[in-house]
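J.: Got a predicted structure plus its sequence, pasted below:
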Amino acid sequence: MQLNIDSEFQSLREVLVHRPGKEIDRLTPYNKELLLFEEVPYLEEMQREHDVFTRLIRDSCGATIYFFEDLLADILSQKELLQTLMREALAASRLEHLASDLLGVLSVAECTRALISGIKVHEVRGKLSSRSLVDLLDVAFLIPPCPNLYFQRDTAAIVPGGVLFSSMRLPERQREANMVRMIFENHPLFKDKIKKCYPPTAHNSPASLEGGDVIILNEKAVAIGCSERTEEKAIYHVAKKLIASGSVERVYEVHLPKKRNFMHLDTVFTILDQNKVLTYPDAIQSVQQILLYTRKEDDGDKVHIKRQHVKEPLREILKREIHGLEIIGTDKVNQEYALREQWFDGANVFTIAPGKVISYNRNKHTNRALREFGVEVLEMPSSELSRGLGGPRCMSMPISRNPVG
């Protein structure tokens with residue numbers, strides 16, 4: 001059976017997450033912006049909060065939780081994969097020539113930690129020849145850390161028809177997506193179930209696409225945000241692949257302002273049930289244009305698609321694609337609170353079963369509005385995890401759900 005998901009709301013079966021680790025402790029007030037963070041979180045509290053998150057998933061829907069670090073360690077027992085990832089990680093600092101030296105002195109477990117948490121010169125100076133490190137400062141990173149790795153949603157998306165592996169907009173984060181892709185393509189749990197829909201095989205520098213921009217509207221329709229992080233060209237390739245395979249009939253290209261607070265489409269809305277959607281109204285109203293991809297004609301083995309502008313606003317499209325739609329807007333609360341809670345991803349909740357979501361406890365007004373609409377809200381602590389500016393949906397990459405119907 002291929003990896004395939006046809007809804008955002010059916011009961012979760014399997015999910016991939018990453019528990020924050022030492023990579024967070026690599027953040028300082030001086031390097032946080034370079035490492036794409038706006039604050040310096042407290043690791044131990046982040047871990048406690050993340051443990052509550054995974055416990056809620058496990059206890060509330062019985063889903064199998066896979067941890068990124070465990071899966072990565074499993075595949076790194078294959079020497080060629082270890083060499084590839086270590087060389088790529090060192091290339092970020094233009095030090096790929098040290099790959100053989102490092103592999104000669106680090107165990108597989110140490111390499112796994114280095115790929116995630118980074119490694120500094122002083123941590124290997126006693127293990128490598130001084131000649132290799134003579135021009136490097138002790139505080140310099142041989143391998144930079146990946147503090148954004150706990151946002152697993154960014155790295156890939158599974159949709160009707162297969163898997164979209166992300167091509168990250170920021171080159172500093174591409175290693176995250178590459179490691180996730182290598183896990184799926186090589187781990188015995190997944191490698192025989194993969195049908196890759198993106199990136200195109202023949203493209204060495206594919207257009208950027210990130211998983212947070214991908215939302216399954218129903219079994220035959222997918223929406224993809226054309227955002228700060230996802231490009232039109234990538235959406236075209238995905239639409240052509242999915243429509244040509246018959247997996248979906250419609251792909252919507254939703255243009256968002258190229259701004260930090262509209263980073264991905266899942267900051268605009270998330271699906272809670274077969275007919276319930278949570279939105280942030282200011283974001284919905286900021287959608288600039290929407291285009292629709294559909295099948296045009298078949299020409300032998302080739303399928304041609306057409307792209308047309310949609311005149312209706314996003315709300316009307318959601319009504320057409322989601323039967324009996326009920327929209328829950330964060331504008332149901334005081335406007336000042338709505339703005340505050342949206343900064344901490346109030347609209348970015350993680351649906352683990354129909355009408356059951358995990359939400360940050362700090363977004364209390366949004367959570368109250370959800371409950372008034374009959375949604376079961378499981379609250380998790382969020383003082384430190386929220387500092388990365390991503391919500392519970394951002395931290396989870398579903399691998400399988402119960403099928404619709």
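T.: Great, that's in hand.
J.: ok, E38 - contacts?
T.: K32, R387, L389 (C-beta atoms under 8 Å, 6 or more residues apart in numbering). (Each C-beta comes from the backbone N, C-alpha and C, glycine too.)
J.: How about the secondary structure of it?
T.: coil (DSSP: H, G, I helix; E, B strand; the rest coil).
J.: where are the low-confidence patches of the stretch 101-250 of the chain?
T.: 130-132, 134-135, 137-139, 202-203 (pLDDT under 70).
J.: Okay, helices next: where are they in it?
T.: Secondary structure of the stretch 101-250 of the chain (DSSP state H, counting those that start in this stretch): helices located at 108-117, 130-133, 174-186, 232-244.
J.: related to what we said a few turns ago, in terms of model confidence, name the weakest of the contacts of E38.
T.: Across the set of the contacts of E38, L389 stands lowest in pLDDT, at 83.
J.: hang on, the earlier thing: could I get the contacts of E38 as a markdown table with neighbour count and secondary structure?
T.: What follows is the contacts of E38, written out as a markdown table (neighbours: other C-beta atoms under 10 Å; DSSP: H, G, I helix; E, B strand; the rest coil):
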| residue | neighbour count | secondary structure |
| --- | --- | --- |
| K32 | 16 | coil |
| R387 | 18 | helix |
| L389 | 19 | coil |
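J.: Which of these sits closest to A353?
T.: Set against A353, the nearest of the contacts of E38 by C-beta to C-beta is L389 (26.3 Å).
J.: For the closest one, what are phi and psi?
T.: phi 60, psi 60 (degrees, to the nearest 10).
J.: what does P398 give?
T.: Torsion angles at P398 (phi, psi; degrees, to the nearest 10) stand at phi -60, psi 140.
J.: Looks like it contacts L3 (just checking).
T.: No. At 10.0 Å, P398 does not count as touching L3 under the criterion of C-beta atoms under 8 Å.
J.: Residues in contact with both of the two, list them for me.
T.: I158.
J.: Tell me which of the two has more neighbours.
T.: P398 (25 against 18; other C-beta atoms under 10 Å).
J.: For that one, give me its contacts.
T.: So P398 contacts I5, L12, E14, V15, L16, I158 (C-beta under 8 Å, 6+ apart).
J.: Using CSV, please lay out the contacts of E38 together with distance to Q285.
T.: Shown next, in CSV, are the contacts of E38 (distance: C-beta to C-beta, whole Å):
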residue, distance to Q285
K32, 32
R387, 28
L389, 21
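J.: Nearest to K195 among those?
T.: Distances from K195 to these, taken by C-beta to C-beta, are shortest for L389, at 32.1 Å.
J.: Please name the nearest non-neighbouring residue to that closest one.
T.: Spatial nearest neighbour of L389, excluding adjacent residues (C-beta to C-beta, 6 or more residues apart in numbering): E38 at 6.6 Å.
J.: Surely A239 touches Y293?
T.: Yes. A239 is within contact range of Y293, at 3.7 Å (criterion: C-beta under 8 Å).
J.: intersection of neighbour lists for these two?
T.: V251, E253, I305, R307.
J.: which residues does the second one contact?
T.: By C-beta under 8 Å, 6+ apart, the contact list for E253 reads I224, C226, E232, I235, A239, I290, L291, L292, Y293, R307.
J.: can you give me the strands for the stretch 251-400 of the chain?
T.: For the stretch 251-400 of the chain, applying DSSP state E, counting those that start in this stretch gives strands covering 269-271, 276-279, 289-299, 302-310, 326-329, 350-353, 356-360, 376-380, 397-401.
J.: Just put those in CSV and tack on distance to R181 and mean pLDDT.
T.: As requested, the strands of the stretch 251-400 of the chain are exported to CSV (distance: least, C-beta to C-beta, whole Å; pLDDT from 0 to 100):
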stretch, distance to R181, mean pLDDT
strand 269-271, 25, 94
strand 276-279, 30, 92
strand 289-299, 24, 89
strand 302-310, 25, 91
strand 326-329, 35, 84
strand 350-353, 22, 98
strand 356-360, 26, 96
strand 376-380, 28, 97
strand 397-401, 12, 97
